[in-house]
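Colleague: need a structure here:
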Amino acid sequence: MSGSEGSSGHSAGGDAQIPLSAVAADREKKKEKSRVNRTSLILWHAHQNDAAAVRKLLEEDPSLVHARDYDKRTPLHVAALHGWIDVAKCLLEYKADVNAQDRWKNTPLADAEGAKRSGMIELLKSHGGLSYGQNGSHFEPRPVPPPLPNKCDWEIDPTELDFSNSTLVGKGSFGEIVKASWRGTPVAVKRILPSLSDDRLVIQDFRHEVNLLVKLRHPNIVQFLGAVTEKKPFMLITEYLRGGDLHQHLKEKGALNPSTAINFAMDIARGMAYLHSEPNVIIHRDLKPRNVLLVNASADHLKVGDFGLSKLIRVQHAHDVYKMTGETGSYRYMAPEVFRHRKYDKKVDVFSFAMILYEMLEGDPPLSHYEPYEAAKYVAEGHRPMFRAKGFTPELRELTEQCWSADMNKRLSFLEILKRLEKIKESLPSDNHWHIFTS
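Modeller: Okay, here's the model as predicted:
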């Protein structure tokens, strides 16, 4: 028996010889294991709505407020999703990051909005919470990728593009549009700025626009010809329309006579009716005179272009409403629900169409005495531009008012707009001069 005790004593003596560094490493390992356990524990207690247990853990180790699971979700994400107010308050008290993002880029507020936890939404917003991520109101549902033909059908070799006599047509923050020549034909080339050729989001938007244009075929939609996606700079090639854009045309000509305005409006409505057809609805989101192009100098035909901000969404039901980016597009032609970051649907394009129709008959942009942002704010507050031109027959005025209604459900569809415009066109006096109309 004593031998066994001696052996045990010897063993204890042996332990004393273990290097201190190994002991420290062992201690660190245990500490780390305990830390992992505590991380799981705080996430578990947050999930179970146990505010007292969460508080006790935070008192012992305040850094646990930043704990994350393998999906990078914090205890605040968990509480937000379930609507556990007391747990969330405790976490916020311990300085939880209200805008932490999980692996899907969702913030706690995005989760609370997705789960419709109204009390939680209010609490998080009062602490500066923002709604980002796939569920967030600042992000749209992922666009449905359109069916792509073989890439070789539309991939253009950049050496086939001749820029020797190119002219700049337009410039934006991401790129420029130049008139060039492709196999002897004048084309419009949208070219990504070299400084942004490696910007992931810019490239993503560029590819998205290409994917959309590939599937569009309509006489009132600018025709896509191809793209350069395998070499930089990336380029998107469409037909070149000699007449310039409607913005420039109205600047030069002023107010259009009612007959011309109606013909132009019908061309825009035809293109838009095609884009809005189900099940793959394309919402333009930036319909304005600059994005409406005249086929030639005699201005007898219009096409809708620039799909950089457009979204393709597969519609489940005819009146689906989408959570999409607020303040997308150009302020002066922007629907109030977009300006106010509310949910919206394809009727935002109908509102923009009404503003364009107004501008064609008035000769001036809507609310031209306001700066664009102020104009959008004024419209969001319930105001609308004043009718002054004699070109507004009662029918045209009624159509415009219906299309810019504050209630998007009262706005007409583009197919209905076309029918109404046909009727108004038939009832116009044959010579259509200004003096025919009285205000």
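
Colleague: hey, let's count contacts and neighbours off CA atoms from now on
Modeller: OK.

Colleague: number of nearby residues for the nearest residue to M266 once chain neighbours are set aside?
Modeller: In this structure, M266 finds its nearest non-sequential neighbour in L418, 6.1 Å apart by Cα to Cα, 6 or more residues apart in numbering. Neighbourhood size, L418 [other Cα atoms under 10 Å]: 20.

Colleague: Assumed L418 was part of a helix.
Modeller: Yes - assigned with DSSP: H, G, I helix; E, B strand; the rest coil, L418 falls within a helix.

Colleague: wait, what's in contact with it?
Modeller: Applying Cα atoms under 8 Å, 6 or more residues apart in numbering, we find L418 in contact with 266, 269-270.

Colleague: Next, the contact list for the closest residue to W404 other than its chain neighbours, please.
Modeller: Leaving aside its chain neighbours, W404 sits nearest to F351 (4.6 Å; criterion: Cα to Cα, 6+ apart). Contact analysis of F351 by Cα under 8 Å, 6+ apart lists 333-335, 403-405, 411.

Colleague: before we move on, what about A299?
Modeller: A299 touches G243, counting by Cα under 8 Å, 6+ apart.

Colleague: mind checking how far it is from L250?
Modeller: To L250, A299 is 11 Å away according to Cα to Cα, to the nearest Å.

Colleague: Name the single longest strand found in this protein.
Modeller: strand 161-171 (DSSP state E).

Colleague: Mind listing what's buried along that strand?
Modeller: Buried residues in strand 161-171, counting neighbours by 16 or more other Cα atoms under 10 Å, are found at 161-162.

Colleague: and it, what other elements does it pack with?
Modeller: On a contact count with 3 or more Cα pairs under 8 Å, 6 or more residues apart in numbering; DSSP states H and E, strand 161-171 meets strand 175-182.

Colleague: Pull the residues that contact the strand it packs on.
Modeller: 160-171, 186-193, 240.

Colleague: tilt between it and strand 161-171?
Modeller: 150 degrees (axes from the mean of the first three to the mean of the last three Cα atoms, to 10 degrees).

Colleague: what's the offset of stretch 289-302 from the middle of its chain?
Modeller: 27 Å (Cα atoms, centre = their mean, to the nearest Å).

Colleague: same question, stretch 189-203
Modeller: 18 Å.

Colleague: Between the two ends of that stretch, how far is it?
Modeller: 16 Å.

Colleague: Next, count neighbours for V178.
Modeller: For V178, using other Cα under 10 Å, the count is 20.

Colleague: Now tabulate the contacts of L418 in a markdown table and tack on neighbour count.
Modeller: What follows is the contacts of L418, written out as a markdown table (neighbours: other Cα atoms under 10 Å):
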| residue | neighbour count |
| --- | --- |
| M266 | 23 |
| A269 | 25 |
| R270 | 22 |
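
Colleague: Just those: which are in helices?
Modeller: 266, 269-270 (DSSP state H).

Colleague: how about TSV for the contacts of L418, with pLDDT and distance to H47 added?
Modeller: Below are these laid out as TSV (pLDDT from 0 to 100; distance: Cα to Cα, whole Å):
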residue	pLDDT	distance to H47
M266	98	56
A269	98	51
R270	97	52
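
Colleague: Out of the residues you listed, which comes closest to Q101?
Modeller: A269 (41.2 Å; Cα to Cα).

Colleague: Just give the closest residue to the closest one, not the sequence neighbours.
Modeller: F414 (5.5 Å).

Colleague: give me every residue that touches that neighbour.
Modeller: 269-270, 272-273, 276, 350.

Colleague: need those residues in CSV with distance to L294, can you?
Modeller: Converted to CSV, the contacts of F414 look like this (distance: Cα to Cα, whole Å):
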residue, distance to L294
A269, 15
R270, 15
M272, 16
A273, 18
H276, 21
V350, 20
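
Colleague: In this structure V54 contacts V87, no?
Modeller: Yes - contact criterion Cα atoms under 8 Å: V54 and V87 qualify, at 7.2 Å.

Colleague: Quick check: neighbours shared by those two?
Modeller: By Cα under 8 Å, 6+ apart, the residues touching both V54 and V87 are A46.
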